[in-house]
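In: Okay, predicted coordinates and the sequence, questions at the end:
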Amino acid sequence: MLVVPKVGGEVRDKHFTDILDYLAPGDVLVLNNTRVTALRLFGQKPTGAAVELLILRSTGTEGRFFALVKPGKRLRVGARIELQEGLVATIVGEAEGGVREVAFSPLPGLEVALERAGQVPLPPYITTRLSDPSRYQTVFAEVPGSSAAPTASLHFTPLMIEEIKSKGIQIAPVTLDVGIDTFRPIESETAEAHKMHGEVCRIGEPSARIINERKGRLIAVGTTAVRTIESFARAGQVQAGETNTKIFITPGYHWQAVDGLLTNFHLPRTTMLMMVAAMIGRERLMGAYAHAIESRYRFLSFGDAMLII
């Protein structure tokens, strides 16, 4: 774990278990308790051409889902897809961000068939299928709805959570359904031109109370927790509720509540990297990343962590 002071001071190389040395009684740690429920399905068109579906969530109508599709340009409304377990899907609509609305033909036990045919939507650089899908869930994953795990949270174990609580640090769970806004890269020439499509996030009354009555710092675990807090925060306080957040945190952002951040190492041209730059500044970000690369820190979902505090 690379520890980066927000203002001044040198970066330090630590182990993740050392995080307890940087948390103090009265601090509040905000965790995203979302659970990965998206499914990756493989099939073919009647022509035999290979097709991939990433089922994101239900549309609210039985047998219909929002999905990302490959190859997107060739799967327009009316396209028919044959999948395993006797599943047949038809593209019936198009939404923002290349998302399709998919309708499955009536089938007894549709949900069971989807579970049998589907795979955990692991990042593309992980090519081995998980024998135990729970390995891509955080230890506090609870609320279904995500397409990917909030990866900064994967570092925690149940024992660490108990040790954190025993030190007088409170845990405030929030929920953000991880979707395309989190993992889609910035493809526009400028950050201002990048479009956020929206992800559903929630803060319950108990977590809002913990956050608002805190005596110490508010430290977010992961960029999704940051986006949730800042979507509901004004002048250090948050309101409980649910919203479809399109917040895009870039350098120059006026922080409302978050004091610190635990995050993984991100690739260039990502919204997550822009958020880190907003918290510590571009120059400090570049210095920290140069140190991380030289020291062979691991990037991405199952990589190492950076604590900004």
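Out: Perfect, thanks for sending it. Numbering: from 1, shown residues only.
In: use CA for all of it now, contacts and neighbours both
Out: Fine.
In: Could you report the pLDDT at V77?
Out: As predicted, V77 sits at a pLDDT of 88.
In: try N212
Out: 98.
In: Ok, the one 3 residues further on next?
Out: Looking at K215, its pLDDT is 96.
In: Does it touch G26 like I think?
Out: Yes. Contact criterion Cα atoms under 8 Å: K215 and G26 qualify, at 4.9 Å.
In: what does the helix or strand bottoming out on mean pLDDT in the chain rub up against?
Out: For the chain, counting by mean pLDDT, DSSP states H and E, helix 180-183 ranks last in confidence among helices and strands (a mean of 74). Residues outside helix 180-183 that contact it (Cα atoms under 8 Å, 6 or more residues apart in numbering) are 97, 196-199, 224, 270-272.
In: closest to A149 among the residues you listed?
Out: Nearest to A149 among the contacts of helix 180-183, counting by Cα to Cα, is T224 at 10.0 Å.
In: Checking my notes, that closest one in a helix, right?
Out: Yes. Under DSSP: H, G, I helix; E, B strand; the rest coil, T224 sits within a helix.
In: ok, it - contacts?
Out: T224 neighbours (Cα under 8 Å, 6+ apart): 32, 150, 176, 178, 182.
In: Could I get these in TSV, plus columns for neighbour count, secondary structure and distance to M160?
Out: TSV is the format used below for those (neighbours: other Cα atoms under 10 Å; DSSP: H, G, I helix; E, B strand; the rest coil; distance: Cα to Cα, whole Å):
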residue	neighbour count	secondary structure	distance to M160
N32	33	strand	16
P150	30	coil	17
L176	30	strand	22
V178	25	coil	24
T182	20	helix	26
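In: Farthest pair within the residues you listed?
Out: Most distant of these, by Cα to Cα, are N32 and T182, 13.3 Å apart.
In: Which positions in the lengthiest helix in the chain come out as buried?
Out: When the chain is parsed with DSSP state H, its longest helix is helix 282-294. The neighbour-count criterion (16 or more other Cα atoms under 10 Å) identifies 284-285, 288-289, 291-292 as the buried residues of helix 282-294.
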